[in-house]
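Visitor: My questions concern the predicted model and sequence given below.
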Amino acid sequence: MSARDLWPAVLAHLRGCDAPAAEFLDGLPREPQERPAPPPADGFARPVPNELDRLADTAPAETRALCAAIAAEAARLSWRSSYTTADVGAFATGYAWAPIAAPDGPLVIPSGLVCIMHIGPRLHYPPHRHEPEELYAVLAGNAVFSSDRSPRTRLGPGALRHHAPYETHSMDTDDSAALVLALWKGSYRKSEIVKTEAT
Ligand SMILES: [Fe+2]
């Protein structure tokens, strides 16, 4: 199995999601080319999350197929962090993300990003913002999502969270980890951490 084998499950999941997902789905090729993605920068590689099978087992029917596909593929994805501990504290090593599709692979799309994000329990992803429009689709577990434009909300499997360009947003987990499909539409630039807390 490869990212290519995971792709149909990603597209099928997005097709079953509510309105904002269609806009993100529209720009995604059905059969993207494969290309070896650049490795993480030195010091930013992260181990494969070790609880993906368990998370997949807890997922409801609507997200279970994609969770199971991710768990099956996880060892062949390139897990990484975007931050240092100086940037974001314990979150830097408590979460990991793996690219599925981006302009530089492993599946090639013209712009934006499709990735899988695993956030361990009891973590705080500090307020951050970025140019690309973002869609989070929660697949398993749950997290509390906060932003400067939307109410603070706990979201579980099947829920979507949309962030406009430069909308400052943050995320918190408690006793449960969270597995999230994350998409960026537009340019592909690293998030900027906002040093003051979002309201
Ligand atoms: Fe974001």
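Guide: Arrived safely. Since this is a predicted model, take the numbers as computed values, not measurements.

Visitor: Which parts of the chain are strands?
Guide: Listed in chain order, the strands of the chain (DSSP state E) span 95-102, 107-108, 113-119, 124-129, 133-141, 143-147, 153-155, 160-163, 169-172, 178-185, 192-193.

Visitor: can you list those in a markdown table and add mean neighbour count, distance to residue 73 and mean pLDDT?
Guide: (C-beta placed from N, C-alpha, C; glycine too.) What follows is these, written out as a markdown table (neighbours: other Cβ atoms under 10 Å; distance: least, Cβ to Cβ, whole Å; pLDDT from 0 to 100):
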| stretch | mean neighbour count | distance to residue 73 | mean pLDDT |
| --- | --- | --- | --- |
| strand 95-102 | 23 | 9 | 96 |
| strand 107-108 | 19 | 12 | 96 |
| strand 113-119 | 23 | 9 | 97 |
| strand 124-129 | 20 | 24 | 95 |
| strand 133-141 | 24 | 13 | 97 |
| strand 143-147 | 21 | 22 | 97 |
| strand 153-155 | 15 | 24 | 97 |
| strand 160-163 | 20 | 22 | 96 |
| strand 169-172 | 22 | 23 | 97 |
| strand 178-185 | 24 | 13 | 96 |
| strand 192-193 | 14 | 29 | 76 |
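
Visitor: Nearest approach to residue 88 belongs to which of the ones you listed?
Guide: Shortest distance between residue 88 and the strands of the chain, using Cβ to Cβ, is found for strand 124-129: 5.3 Å.

Visitor: and that closest one, which strands flank it?
Guide: Using DSSP bridges, the strands paired with strand 124-129 are strand 169-172 (antiparallel), strand 192-193 (antiparallel).

Visitor: No more questions from me, cheers.
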